[in-house]
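J.: Got a sequence here, can you build the structure:
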Amino acid sequence: EGSWGADFYRLKPADGDFIVDKHCYSAFAGTALDAILRRRDIRTLVVTGVSTNICVESTFRDGHSRGYYIVVPGDCVASPAPALHEATLKNVETLFGDVTASAELIALWSGSGGIIRRSGAEGP
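T.: Coordinates of the predicted model:
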């Protein structure tokens, strides 16, 4: 708290939103995140952030191990190591959940008919 990179960037929580201060790679380690999600019966995690192959991956792996369904919008994660970024997205597609685009996810949630397709699956 109070250090460079600790502030919100282009996005601020709304009144009543929960803020989880993470102190290591996974947002689950040493935080109340799992309890907060379970109390609200949340079963799907949309994981975004930096660095794809470290913090994002640590969080989605921990979430997956706790039984959450994982979605990673590929255009909402980044890494200074492009090959590792791509490898992490491939891991999600192959083993942990789905990779989609943020526009597709927003369309789905807004009711405008977006479809998330599992990799290798034929969609409608």
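J.: quick one: residue 44 and residue 64 touch, right?
T.: No - using Cβ atoms under 8 Å, residue 44 is not in contact with residue 64, being 11.3 Å away. Where you see a C-beta, it was placed from the backbone N, CA and C, and this is true even at glycine.
J.: Okay, strands next: where are they in the chain?
T.: For the chain, applying DSSP state E gives strands covering 44-46, 49-50, 69-73, 77-78, 97-100.
J.: Which one of residue 44 and residue 64 is surrounded by more residues?
T.: residue 64 (17 against 12; other Cβ atoms under 10 Å).
J.: how close does the residue nearest to that one when sequence neighbours are not counted get to residue 28?
T.: Distance criterion Cβ to Cβ, 6 or more residues apart in numbering; nearest residue to residue 64, sequence neighbours excluded, is residue 96 at 4.9 Å. Separation of residue 96 from residue 28 (Cβ to Cβ, to the nearest Å): 14 Å.
J.: now do residue 62
T.: In terms of Cβ to Cβ, residue 62 sits 4 Å off from residue 28.
J.: These two - which one has more neighbours?
T.: Set residue 62 next to residue 28 and count neighbours by other Cβ under 10 Å: residue 28 wins out with 23 against 18.
J.: Do I have it right that the more buried one meets residue 60?
T.: No - judged on Cβ under 8 Å, residue 28 makes no contact with residue 60 at a distance of 9.9 Å.
J.: Now for residue 44 and residue 64: what residues contact both?
T.: residue 70 (Cβ atoms under 8 Å, 6 or more residues apart in numbering).
J.: quick one: contacts for residue 91?
T.: residue 57.
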